[in-house]
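Colleague: what's the 3D shape of this:
(chains A and B)
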Amino acid sequence: EAQVTQNPRYLITVTGKKLTVTCSQNMNHEYMSWYRQDPGLGLRQIYYSMNVEVTDKGDVPEGYKVSRKEKRNFPLILESPSPNQTSLYFCASSQRTSADEQFFGPGTRLTVL
Amino acid sequence: GQQVMQIPQYQHVQEGEDFTTYCNSSTTLSNIQWYKQRPGGHPVFLIQLVKSGEVKKQKRLTFQFGEAKKNSSLHITATQTTDVGTYFCAGPRRGGATNKLIFGTGTLLAVQP
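Modeller: Model prediction:
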């Protein structure tokens, strides 16, 4: 089954404790991205990747890192989480670019205390 | 920077009534995508419009792309309880090395049986 998976689905952590949210897709997609969703603000793009070893900032990249060492995986890293990063995070992938249909993962609910 | 706004933020209708959400971009878009997010779920792609003035229909849903390619609308005829959710428009921001995807703020639709 074609899908995007994210882990964990729920995470409660404390300020400053490094964490990684994994994202994997099995559709051989080139374009992958991370979004955060906050009430009233919609979905805001954090980082995106056009292909392996090619990543670039979205609109809200501060406090986040990403890597794309393999085509299927695109982990999101919070090196020193802060409470303002409490949010619902979605990973998405598409065939080639931002102009293509995006396939979203199930989401990760993160709470930073 | 490029902004994509949606109105209304929230709409409550009686089952059987019509519903429309509007999407307005501050810049011209190469295409517009529409997504639906059910409560507790992830965004799911509905449709993509590419041509100026384009109109597409999916059963009770009608999508329009403005002549200037800066606005779009989604109209649902005779809403049903299965239409409940948040509807997002999204437009790619591409140019040079940039390949972002900008989402609108979303319209939450509530349908009372």
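Colleague: quickly note the distance from the residue most central in space within chain A to residue B:35.
Modeller: In chain A, the centroid-proximal residue (C-alpha atoms, centre = their mean) is residue A:34; its distance is 2.9 Å. Residue A:34 is 16 Å from residue B:35, where distance means C-beta to C-beta, to the nearest Å. Glycine gets a C-beta too; all of them are placed from N, C-alpha and C.
Colleague: name the helix or strand for residue B:105, please.
Modeller: Using DSSP states H and E, residue B:105 sits within no helix or strand.
Colleague: surely it touches residue B:3?
Modeller: No: at 9.3 Å, residue B:105 does not count as touching residue B:3 under the criterion of C-beta atoms under 8 Å.
Colleague: neighbour count: those two, which is higher?
Modeller: residue B:105 (18 against 11; other C-beta atoms under 10 Å in any protein chain shown).
Colleague: residue contacts, the residue lying closest to residue B:32 once chain neighbours are set aside?
Modeller: Closest residue to residue B:32 apart from its sequence neighbours, by C-beta to C-beta, 6 or more residues apart in numbering or on different chains: residue B:72 at 4.5 Å. By C-beta atoms under 8 Å, 6 or more residues apart in numbering or on different chains, the contact list for residue B:72 reads B:22, B:23, B:32, B:34, B:49, B:63, B:64, B:65, B:66, B:89.
Colleague: inside strands: which ones of those?
Modeller: B:22, B:23, B:32, B:34, B:49, B:63, B:64, B:65, B:89 (DSSP state E).
Colleague: gap between the nearest residue to residue B:54 once chain neighbours are set aside and residue A:92?
Modeller: In space, residue B:54 comes closest to residue B:65 once its chain neighbours are excluded; the distance is 4.5 Å by C-beta to C-beta, 6+ apart. Applying C-beta to C-beta, the value for residue B:65 to residue A:92 is 22 Å.
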